[in-house]
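In: Based on what follows, work out the 3D shape:
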Amino acid sequence: FCNGYPNIDLSFAVNPSDDDSDAGGDDDDEDDEDKVTTVKTGTTASVVVTLAREDDEDSDDDEDDEAMGRAKPQKPETGVPVVNAPLFPARKTEGWWLVVGDAATNTLLSVKRVANLGSRPQAVRLDFAVPDDALGPRELKLFLMCDSYLGCDQEYAVKLLVEQGEEADDDSSSGSESDD
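Out: Residues are numbered from 1 along each chain as shown. This is a model prediction of the structure:
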């Protein structure tokens with residue numbers, strides 16, 4: 001059972017197309033956790049998340065399972081592992097969800113289901129409207145949640161500096177003229 005427990009590596013970048021600034025998530029770089037990305041109100045920000053499964057190549061347990069007559073979990077054609085859930089009425093594969101939320105206001109900004117998280121790394125883009133209720137430093141949360149196993153959810157801080165964006169001035173718009 002322990003070898004079937006998922007180990008997912010997550011790294012992310014906020015607005016990578018703007019300045020290619022990596023906002024963290026990698027365990028290798030401790031400095032990335034302190035990076036702050038500047039965003040403007042009225043715009044759409046994006047978080048690009050890269051997910052990769054660490055495959056456990058330990059075959060000793062597989063041999064033990066075969067010797068004891070236990071069937072090891074099989075992967076379907078998609079490469080997504082089957083969940084060890086003997087009381088579930090049907091064959092169950094792992095499901096993963098990415099969520100970006102603001103804990104200060106208790107709001108969700110973006111939710112996306114990740115399908116077929118197999119052995120190949122996947123990049124997932126989460127777009128959300130920049131919160132305009134408070135300017136200044138904001139800390140959003142990025143969650144990776146599993147619908148099959150307890151205890152393997154992950155949480156990361158996404159640090160933003162929210163600045164005032166350009167607002168359309170309704171009084172001086174050149175496209176609208178009054179009817180006489």
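In: Give me the next element, helix or strand, following the lowest-mean-pLDDT helix or strand in the chain.
Out: Ranked by mean pLDDT, DSSP states H and E, the weakest helix or strand in the chain is strand 22-24, scoring a mean of 45. Using DSSP states H and E, the helix or strand that follows strand 22-24 towards the C-terminus is strand 37-40.
In: May I have that next one as PDB, with CA atoms only?
Out: In PDB, the C-alpha atoms belonging to strand 37-40 read as follows (Å, rounded to 0.1, in the frame of the first residue of the first chain):
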ATOM      1  CA  THR A  37       4.900  39.300  -8.000                       C
ATOM      2  CA  THR A  38       3.500  42.700  -8.800                       C
ATOM      3  CA  VAL A  39       0.000  42.700 -10.400                       C
ATOM      4  CA  LYS A  40      -2.500  45.400 -11.200                       C
END
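In: Tell me how many other residues surround D147.
Out: 12 (other CB atoms under 10 Å). Backbone N, C-alpha and C define where each C-beta goes, glycine included.
In: Setting aside sequence neighbours, what's the nearest residue to it?
Out: Leaving aside its sequence neighbours, D147 sits nearest to G95 (CB to CB, 6 or more residues apart in numbering; 4.0 Å).
In: I'd like the distance between the one you found and A104.
Out: Distance, G95 to A104, by CB to CB, to the nearest Å: 28 Å.
In: Comparing these two, which shows the higher neighbour count?
Out: Each of G95 and A104 has its neighbours counted (other CB under 10 Å); G95 has more, 16 against 13.
In: Just confirm the more buried one contacts C146, I think it does.
Out: Yes. With contact defined as CB atoms under 8 Å, G95 reaches C146; the gap is 7.1 Å.
In: V49 contacts L10, correct?
Out: Yes. Contact criterion CB under 8 Å: V49 and L10 qualify, at 6.3 Å.
In: between the two, which one's more packed in?
Out: Neighbours per residue (other CB under 10 Å) separate V49 from L10, with V49 holding more: 21 against 16.
In: who does that one bridge with?
Out: On the basis of DSSP bridges, V49 is bridged to F12, V124.
In: Okay, strands next: where are they in this protein?
Out: Listed in chain order, the strands of the chain (DSSP state E) span 8-14, 22-24, 37-40, 44-53, 96-102, 107-114, 122-129, 136-146, 154-163.
In: closest one to F88 among the ones you listed?
Out: F88 lies closest, by CB to CB, to one member of those: strand 136-146, at 14.5 Å.
In: which residues pair with the residue nearest to V99 when sequence neighbours are not counted across the strands?
Out: Leaving aside its chain neighbours, V99 sits nearest to F143 (4.3 Å; criterion: CB to CB, 6+ apart). Per DSSP bridges, the residues bridged to F143 are V99, E155.
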